[in-house]
Every structure is written in structure tokens, then in C-alpha cells.
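J.: need a 3D model of the sequence below.
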Amino acid sequence: FFWGYAEKISRSITGPISLIFVAIFLDLKSQGYLFTFISLLTIKFVLELGLTQIIITFVAYEKNSLSFHKFFLKGKFNSYLRLKNISRYSIHWFFWASIIYILIINLIGYFLFSNSGDPISYWLYPFLLLCLFSSIEIFFIPFYAIKEGLAEIEKVYKFKFFKTIFFLLAYLTFLSIGAGLWSFSIAYFFNIFIDIIFIFKSRVFFYSIYRNAKVNKIRLNWKKEIFPLQTKIAIGAVSGILSFSIFTPFSFSLLGPEVAGKVGLTLAIVTGISTLSVVPSLISSQRIASLVEKKEIKKLNHLIFRLLSISIIIHLISLAGLILFFFFLKSSFPFILDKVVDPISFLYFFFAMMLSLISSPFSIFMRAHKEEPLMWLSVFTGVAISLSCYFGMYYNGAMGAAIAYFIITLISFPILLKIFFDFKSRYKLN
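T.: Residues are numbered from 1 along each chain as shown. As a prediction, this is how the structure comes out:
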């Protein structure tokens, strides 16, 4: 758990630290372009189609019948073959996803930014470099998921921690020397560098599970086991992207890069805090899947309640710390607060994000049963947030979007709780 918390804590402080550096070294227009770049990167989660969580869950199931012997796995042969099939399929999937991603993000980016009125040379080349590096990063996603499913959580999050630290240091360094929009793109190279080291250190293992994966008897029925769950998670994931990532592009298109800069930095801070709050749930995915497979109901209930409590406590403590930090900025560096939205809008965004993410233990618990009962709620939430935020922003700027976001999440949360308790009753998991 140490490296999991270390990685998420380091990611959560990226927002506040970046706030200071962005406020000092970037003007509002550049800030708007930068955070719109970052928002577009979430397209990769659409192409991921929920496969990362599926890999972790399925690999964790097979891990119960396997154990490591040096760099290799031993145990039930059928489980070993199923794990090889899962791994090979996921690697192929993300390879093609990375290629499709770079085509889609370039088209969307060109359409959005070419209508801004700024010279194409101002944004094109740093955007293209970011697209290239982020597409390469997509290919490495399944390798981390496989290792996490095998309960090598410490190793996975240790590397993710160093990715975050090296990226942040490079990002802030390039900002401070005046690299502008190039800062984020060049710093992204360090993500790729750490990913390559991660795979290289486990190259023997990855090669062993990838080679000769085709067998005469198919051990894993993709159509029955993978595709139904992946389709449902994918629909929910796309809706989730609509819930989190449309604000900055909408504000860029409707209100200009300056407002987009304020909205983008605000969401970076809020997302950083919310990301920290879901750390326990994310790094407990493998344990939840294992407990479900073993049908240890009491341990599951205790774990889910503890994860929910931790998430709420982290949100509230972070909010208190953030308020104190803002008061300090207001008295000492008031110009920095001009780079974020007004305090009321900020609070609406914060509590909306909190309501969206404290439910993570519930969704992970239900997906561990290889089901996705939240699909239609995710669709409703995503569509409702997209439409209401667009019109809210059109008529009332950032404040309108923040209020609309909060109202939709406030309506969705009790519905989610009902789905969760109905699910537990159906499976007699109370």
C-alpha cells in the first residue's frame, strides 16, 4: 500500500504545485491551450473500453491457482493458459488502440484549435508531440494491469510513483525556463522512459506469457466471458469521460482559451484531490476480486465500508487544507487566484467530483462479480452532464457548468446506492 499511496499523493499535489508554476510562467491563453490538450488525452480511456479493470479482475482470478517461481508461473495448467490468452489479447488490443488514438486525437485537436483564431504554429507542434508520446503510453497499459492482477501491486505503483515524480520535475523545469506549451509535451517523454524500464525489468516474464499463447483447445471464451462485461464497462467508461473531460474543451470552444485555462486548472486541482481519495479502492481491486472468488462475504463488507469511509475522510480533510491554502494565496499571492474559477464555482466542482468518485468501492465490488449493473446509470449521468454543462456554460459561463455538474451528480448518487444494495440482496451478500 505504501507505493500506492505515494504515487497517488504525488499525483494529487501536482495540481497545487502546477497552479503556482502555471500562474507565474504561463499567460491565461497558453494555460487554456495547455489544459485543453490535457483534457483531450482522456480519449485514450474511450479506446481502452474498460479492458484495464477486466484484465486485473480476470488475472486475479487465475492467480489464485498459480504462484511465482523466479520469473515464471507454476500451478494449474488451465489457469496458466487462460492467463496467457488474457495477456495476449490485451496486448494486441492496446497496440491497435494506440494507433487509432493518435488518428482520432489529431483530428479532434485540429478541428478545435484551428478555429481559435491563433496562428497554427502556436499550438500545432507541441500538440503533435504530445499525441505521439501519449499514444505510445497507451500500448504499455496492459503490462501494468497484468502485474497488478498478479498481486505485484508494490512494483506497479513504485514505477507509477517514479513516473509521476520525474514527469512533474521535468514539467516544472520546462515551465520555469519558458518552454510554454512545449513543457507538458516534452515532460511526457519521461512517462515513456519509465514504462520502458518497467517492461525491460520483467521482459522474461512478459515474453513467457506472450509466446506460444495459441493452443489447440481454447481455454477462455471471449464472447461469453470478456465481451459482454467489456461492452457494458466500455459504455460506462465513455459516459464517465463525458462526465469529467468535456468542461475544458467546452469552455475553450464557447468562452475562449482564457476561461478554459481557469476551468482546466480548477479541475486539475479537484481531480488531484479526488484521485487521492480513491487510492485505497484502486489498489484493493485485486484483493476484492480474490475475496469475491473465495466468497468471503464478511471480509468483503468490512473492506467496502472501510474504503468508502477513507474516501470521504480524505475529501473532507483535503477540502479543509485547500481552503487554508487559498486564504494564504489571497493574502500573499492574490494574482495566482486569478488563474482559477471563482470560489463558489470551485466548491460546486469539488463536491460534484466527490459525489462522482466516492462510489468507486461499489463499482469495483460489482465488477469483481463480472457484472456491470451501473452501465445505464453511467450513460444517463454522462449524457445529462454533457448537455446540462454545455447549456449551463453557454448561458452562465463556468458557474453555470459547475452548478449543472453538481445537480446531476447529486441526483445520481442515491440511485447508485439503491443499485448497489439491490445487487447485494440479489446475491445474498449482506
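J.: list the buried residues in whichever strand or helix holds residue 171.
T.: Element membership for residue 171, per DSSP states H and E: helix 153-176. By 16 or more other C-beta atoms under 10 Å, the buried positions in helix 153-176 come out as 153, 155-168, 170-172, 174-175. For glycine as for every other residue, the C-beta is placed from the backbone atoms N, C-alpha and C.
J.: same check, this time on stretch 245-258
T.: Of all the residues in stretch 245-258, those buried under the rule 16+ other C-beta under 10 Å are 245, 246, 247, 248, 249, 250, 251, 252, 253, 255, 257, 258.
J.: contacts for that stretch, please.
T.: Contacts of stretch 245-258 with the rest of the structure, by C-beta atoms under 8 Å, 6 or more residues apart in numbering, involve 28-33, 35-36, 38-40, 42, 112, 115-116, 118, 259-260, 263-264, 267, 385-386, 389-390, 393-394, 397-398, 401, 405.
J.: which ones among the residues you listed are found in helices?
T.: Among these, the members found in helices (DSSP state H) are 28-33, 35-36, 38-40, 112, 259-260, 263-264, 267, 385-386, 389-390, 393-394, 397-398, 401, 405.
J.: just the buried members of these?
T.: Buried among the ones in helices among the contacts of stretch 245-258 by 16+ other C-beta under 10 Å: 28-33, 35-36, 38-40, 112, 259-260, 263-264, 267, 385-386, 389-390, 393, 397-398, 401, 405.
J.: turn the buried residues of stretch 245-258 into a markdown table, columns for secondary structure.
T.: Below are the buried residues of stretch 245-258 laid out as a markdown table (DSSP: H, G, I helix; E, B strand; the rest coil):
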| residue | secondary structure |
| --- | --- |
| 245 | helix |
| 246 | coil |
| 247 | helix |
| 248 | helix |
| 249 | helix |
| 250 | helix |
| 251 | helix |
| 252 | helix |
| 253 | helix |
| 255 | helix |
| 257 | helix |
| 258 | helix |
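J.: from these, which has minimum pLDDT?
T.: On pLDDT alone, residue 245 ranks lowest of these, at 81.
J.: how much space between it and residue 20?
T.: Between residue 245 and residue 20 the distance is 24 Å, computed by C-beta to C-beta, to the nearest Å.
J.: repeat for residue 193
T.: Using C-beta to C-beta, residue 193 is found at 26 Å from residue 20.
J.: what do you get for residue 381?
T.: From residue 381 over to residue 20 (counting by C-beta to C-beta), the distance is 33 Å.
J.: give me the more crowded residue out of these two.
T.: For residue 381 and residue 20, the more surrounded residue by other C-beta atoms under 10 Å is residue 381, and the numbers stand at 24 against 15.
J.: give me the neighbour count for the closest residue to that one other than its chain neighbours.
T.: Spatial nearest neighbour of residue 381, chain neighbours left out: residue 412 (4.8 Å); criterion: C-beta to C-beta, 6 or more residues apart in numbering. The tally of other residues near residue 412 (other C-beta under 10 Å) stands at 21.
J.: what's residue 412 in contact with, if anything?
T.: By C-beta under 8 Å, 6+ apart, residue 412 lies in contact with 355, 377, 380, 381.
J.: show me which of those residues are buried.
T.: By 16+ other C-beta under 10 Å, the contacts of residue 412 give 355, 377, 381 as buried.
J.: now do the contacts for the second one.
T.: This points to residue 377. 412, 415, 416, 419.
J.: any idea how far the last one lies from residue 331?
T.: Translated: residue 419. Residue 419 sits 46 Å away from residue 331, taking C-beta to C-beta as the criterion.
J.: pLDDT of the host helix or strand of residue 199, averaged?
T.: Per DSSP H and E, residue 199 falls inside helix 189-201. The pLDDT scores in helix 189-201 average 92.
J.: which of the residues in that helix are buried?
T.: So, applying 16+ other C-beta under 10 Å, buried residues of helix 189-201: 189, 190, 191, 192, 194, 195, 198, 199.
J.: burial measure for the residue nearest to the first one when sequence neighbours are not counted, as a count.
T.: Take residue 189 and drop its neighbours on the chain: the residue closest to it by C-beta to C-beta, 6+ apart is residue 133, 5.9 Å away. Burial of residue 133 is recorded as 17 neighbouring residues (other C-beta under 10 Å).
J.: try residue 227
T.: Neighbour count for residue 227, taken as other C-beta under 10 Å: 12.
J.: and the gap between it and residue 367?
T.: Distance check for residue 227 against residue 367: by C-beta to C-beta, it reads 15 Å.
J.: what segments of the stretch 301-430 of the chain are helices?
T.: 334-337, 343-357, 360-367, 375-426 (DSSP state H, counting those that start in this stretch).
J.: likewise the stretch 1-150 of the chain?
T.: For the stretch 1-150 of the chain, the helices defined by DSSP H, counting those that start in this stretch occupy 2-12, 14-25, 28-40, 43-48, 51-63, 77-113, 120-139, 141-149.
J.: adding distance to residue 304, write these out as CSV.
T.: What follows is the helices of the stretch 1-150 of the chain, written out as CSV (distance: least, C-beta to C-beta, whole Å):
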stretch, distance to residue 304
helix 2-12, 17
helix 14-25, 28
helix 28-40, 31
helix 43-48, 24
helix 51-63, 16
helix 77-113, 25
helix 120-139, 31
helix 141-149, 19
